[in-house]
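Enquirer: Got a predicted model here, sequence first, then my questions.
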Amino acid sequence: MKIAVAVDGSDNALRATDYAIMLMQQFSGAKLELIHVIDFNKEDERLLKQSPNSLAMYQKKKMQSALKLVNDSGIVAEVTMLRGNPHQQIIKHVNTNEIDHLILSSRGLKLLKKLVMGSVSQKVIKHVNSSVTIIK
Amino acid sequence: MKIAVAIDGSEHAFRAAKYALTLLKDAQDAELEVISVTDYNKVEDEKLLLQNLKSLSLYQDRIVRPVVELAEKVGVKTSITLLRGNPDHEIVTHLQTANVEQLVLGSRGMNIMQEVVLGSVSRSVMEQANCPVTIVK
């Protein structure tokens, strides 16, 4: 059993991590993986592309709180950093690595924003082969 | 811990129930709420059943029973909620009043055309529900 959580440094992602820890305790022998995707189409993240060093630091910072939560509960998690379009990267990663359960947090976008930006979680649910949990 | 599972008698829904039960197995005060919604607008035989209340409850009972039996085997307490009407709307409204920690749904794996025509229940429930939602594939 492989469980993956997509984290982005938000409070919602922390709640998703909490849920993953709860799942880990239910399924013995399960593996946990934290995924962070950096989106180069976003302004501030594009700037970081110029220096690989600061990029790595940025991603580390985004994952830190989730990683701490996991370590505090005595679980060893694998960390995966992806770069590119968030939903595409997540779908590809989940399907190629045979992950059984993916946990996402919803950003709770308003309807208009959702139409303009597209909801990452909708697309992911549609295309991944694993079960998906959306944390509100 | 109380987990709700929405079932429609399909294999996918049964897997969703199994997942909910693995979560509940070791939990304290574990309770599985089995929700079944009969949609009058959808299936021909469901519409026919409307004419006879007794056959309607028999029909819903047949859908719910396998899940309840499974829960009994694992030793998890169950409660059954039978709703009538539009599935996604009924489920979301029910969740607002029910004290449920999370909802588990099965995915029917529809393609884009089916989804446009039929509308995906899991999608609209997922968007509107006020608790964590798991889609089991």
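Expert: Ah, there it is.
Enquirer: Check the gap between the residue in chain A positioned nearest to chain B and B:Arg15 for me.
Expert: Nearest residue of chain A to chain B (Cβ to the nearest Cβ) works out as A:Thr133 at 4.1 Å. Every residue, glycine included, has its C-beta placed from N, CA and C. Distance of A:Thr133 to B:Arg15, given as Cβ to Cβ, to the nearest Å: 14 Å.
Enquirer: between these two, who's got more neighbours?
Expert: Between A:Thr133 and B:Arg15, A:Thr133 has the larger neighbour count (other Cβ atoms under 10 Å in any protein chain shown), namely 25 against 16.
Enquirer: Which residues outside the helix or strand hosting the more buried one are in contact with it?
Expert: Using DSSP states H and E, A:Thr133 falls within strand A:131-135. Strand A:131-135 is contacted from outside by A:12, A:15-16, A:19, A:100-106, A:121, A:124-125, B:19, B:102, B:126, B:132-137, using Cβ atoms under 8 Å, 6 or more residues apart in numbering or on different chains.
Enquirer: Listing partners with orientation, what would you give for it?
Expert: Looking at strand A:131-135 with DSSP bridges, its partner strands are strand A:101-105 (parallel), strand B:133-136 (antiparallel).
Enquirer: Output those in TSV, with mean pLDDT and mean neighbour count appended to each entry.
Expert: Converted to TSV, the strands paired with strand A:131-135 look like this (pLDDT from 0 to 100; neighbours: other Cβ atoms under 10 Å in any protein chain shown):
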stretch	mean pLDDT	mean neighbour count
strand A:101-105	92	25
strand B:133-136	91	24
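Enquirer: who wins for proximity to B:Val37 among these?
Expert: strand B:133-136 (15.5 Å; Cβ to Cβ).
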